[in-house]
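Novice: no sequence for this one, just the structure:
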């Protein structure tokens, strides 16, 4: 471990903190020269190998992520105009699909109308590995283009449990006020709790850790989170 990281670890030696106490520590322990992302990791008592125990969903963070996402809309007809008026950064149909196939990837989120999914399906190998493939479950395949664009721009994030049973999701930047970071984290945790599969057995949330990009993890007290 580097000297700066070792010093940061000493600041978070306690085994469990409330969200209100954890966020100031995450900010204090951050030492990089850039505005680090604050990420929350939740280890869940589920087995992602079983489809009925897959945990995924979306949540609109009350204070966003610190920057507006670049959103594109793949649609046809009147929905093209709707996407532009809603503030999408790029809107198109098959022409936009071809542009992405050609290597263009200057966007953070993709919204598509159901009628365009046949064309969007050709982008599976490109968008899938990056977590950008539109999906009805996350609200990115919809006819309500205006609402979808505005939600993503407002700070909507997607969470999904990985193959090890852990959810990793950003909740803001180190430059954010600690109280706002805590509110974003609470919103995410609440959504993950609501997404608990009916087939999940035993303890659902096993641990919660918050950290900045380069900083050490701050372990959150589960009892305080459940109480909140």
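Specialist: Cool, the structure landed. The structure presented is a predicted model; accordingly, all values stated were derived computationally and were not measured. Numbering: from 1, shown residues only.
Novice: where along the chain do the helices fall?
Specialist: For the chain, the helices defined by DSSP state H occupy 3-11, 19-29, 78-86, 94-101, 117-120, 124-127, 145-154, 178-194, 222-227.
Novice: now those as a markdown table including mean pLDDT and mean neighbour count?
Specialist: C-beta coordinates here come from the backbone N, C-alpha and C atoms, glycine included. Converted to a markdown table, those look like this (pLDDT from 0 to 100; neighbours: other C-beta atoms under 10 Å):
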| stretch | mean pLDDT | mean neighbour count |
| --- | --- | --- |
| helix 3-11 | 56 | 13 |
| helix 19-29 | 89 | 21 |
| helix 78-86 | 95 | 18 |
| helix 94-101 | 95 | 16 |
| helix 117-120 | 95 | 15 |
| helix 124-127 | 92 | 13 |
| helix 145-154 | 91 | 20 |
| helix 178-194 | 94 | 19 |
| helix 222-227 | 82 | 13 |
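Novice: contacting residues around residue 79?
Specialist: The contact partners of residue 79, by C-beta atoms under 8 Å, 6 or more residues apart in numbering, come to 73, 113, 143, 145.
Novice: What sits closest to the second one if chain neighbours are left out?
Specialist: Going back to what we said before, that points to residue 113. Nearest residue to residue 113 in three dimensions, chain neighbours excluded: residue 75, at 4.4 Å (C-beta to C-beta, 6 or more residues apart in numbering).
Novice: Can you report how many residues lie near that neighbour?
Specialist: When neighbours are counted by other C-beta atoms under 10 Å, residue 75 registers 26.
Novice: so it makes contact with residue 91?
Specialist: Yes: with contact defined as C-beta atoms under 8 Å, residue 75 reaches residue 91; the gap is 6.8 Å.
Novice: Now do the shared contacts for those two.
Specialist: Overlap of the contact sets of residue 75 and residue 91 (by C-beta under 8 Å, 6+ apart) consists of residue 83.
Novice: Can you spell out which residues form a bridge with the closest residue to residue 99 other than its chain neighbours?
Specialist: Closest residue to residue 99 apart from its sequence neighbours, by C-beta to C-beta, 6+ apart: residue 92 at 7.4 Å. Legend: beta-bridge partners of residue 92 under DSSP bridges are residue 74.
Novice: And residue 207, by the same measure?
Specialist: Beta-bridge partners recorded for residue 207 (DSSP bridges): residue 43.
Novice: Can you tell me how far residue 129 is from residue 123?
Specialist: When C-beta to C-beta, to the nearest Å is the yardstick, residue 129 and residue 123 sit 11 Å from each other.
Novice: of those two, who's got more company?
Specialist: Here residue 129 and residue 123 are set side by side on neighbour count (other C-beta under 10 Å), and the busier one is residue 123, at 20 against 9.
Novice: which ones are touching that one?
Specialist: Residues in contact with residue 123 (C-beta under 8 Å, 6+ apart) are 97, 100-101, 133.
Novice: right, and the helices of the chain - which one's nearest residue 35?
Specialist: With C-beta to C-beta as the criterion, residue 35 lies closest to helix 19-29 of the helices of the chain, at 11.0 Å.
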